[in-house]
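Novice: sequence unavailable; structure follows:
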């Protein structure tokens, strides 16, 4: 397999650090199959790109995945499940015309200080669309109203390692008190169980970045470090 390394740029999670990415550089009819292999080695997808952090002076970014059959919701997660029990979800593989307006509100009201602001349709399309992979969308509804979308990959690595990969979630800011970010991960775990998959990948936990601390709240979890997956049954100290 061929890989390339990007130039250094300011890290979006740890602004005092410089970031580089190791990027899968081949293009073939087997791209989705390669992705299913590489995700098991700590890689991730954004749009057409398969990448992994490859920073010379920092290893704070580590891939996290949830073994869904072993997962047990915490007391606070159970409260969220109970409080949101009237909401419904459905998994689809075609984007809804309503997605962008919801995404635009979410970024503008919740992440105006982040790297994805200001939102644009081109930016949105670039990370949800992929020529070689069918992107799935877990939609959440309050009655007939779309309130959240989790952009999700179904990665069928093989019968024992099949997984969902949580790429990005955006939601109606009016529902912030419903903890929809956490709830949508719980719904993705539920979907993985329904589909018979073993894992839900949550992307990168970034040590020292408070925004990523929620990924250690889903127990047990596995974290990719020193080229192996390590199981944690409680949050690391």
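Specialist: Received the coordinates, thanks. Values in this document were obtained by computation on a predicted structure and should not be read as measured data.
Novice: and the helices in the chain?
Specialist: Applying DSSP state H to the chain gives helices spanning 31-38, 75-83, 99-110, 121-128, 180-195.
Novice: just these: most buried one?
Specialist: Among the helices of the chain, helix 180-195 has the highest mean neighbour count (mean count of other Cβ atoms under 10 Å), at a mean of 20. C-beta: built from backbone N, CA, C; applies to glycine.
Novice: can I get the helices of the chain in CSV including distance to residue 223 and mean pLDDT?
Specialist: Formatted as CSV, the helices of the chain follow (distance: least, Cβ to Cβ, whole Å; pLDDT from 0 to 100):
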stretch, distance to residue 223, mean pLDDT
helix 31-38, 17, 92
helix 75-83, 19, 98
helix 99-110, 26, 95
helix 121-128, 24, 88
helix 180-195, 16, 97
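Novice: and of those helices, who's closest to residue 146?
Specialist: Between residue 146 and those, the shortest gap by Cβ to Cβ is with helix 99-110, which sits at 6.4 Å.
Novice: report all helices and strands that the closest one contacts.
Specialist: Contact analysis of helix 99-110 by 3 or more Cβ pairs under 8 Å, 6 or more residues apart in numbering; DSSP states H and E lists helix 121-128, strand 145-155, strand 163-171 as its packing neighbours.
Novice: each with direction, which strands does the longest one pair with?
Specialist: Just to be clear, that refers to strand 145-155. Using DSSP bridges, strand 145-155 pairs in its sheet with strand 136-142 (antiparallel), strand 163-171 (antiparallel).
Novice: what angle do the shortest one and helix 99-110 make?
Specialist: Here the directions of strand 136-142 and helix 99-110 differ by 70 degrees (axes from the mean of the first three to the mean of the last three Cα atoms, to 10 degrees).
Novice: returning to what we had before: now render the helices and strands packed on helix 99-110 as CSV, adding distance to residue 110.
Specialist: Compiled in CSV, the helices and strands packed on helix 99-110 are given as follows (distance: least, Cβ to Cβ, whole Å):
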stretch, distance to residue 110
helix 121-128, 15
strand 145-155, 12
strand 163-171, 8
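Novice: deepest of these, which one?
Specialist: Most buried of the helices and strands packed on helix 99-110 by mean neighbour count (mean count of other Cβ under 10 Å) is strand 163-171; its value is a mean of 22.
Novice: residues in contact with that strand?
Specialist: By Cβ atoms under 8 Å, 6 or more residues apart in numbering, the surrounding residues in contact with strand 163-171 are 39, 44-46, 65, 102-103, 106-107, 127-128, 135, 140, 147-155, 157, 180-181, 184-185, 188, 191-192, 195, 197-203.
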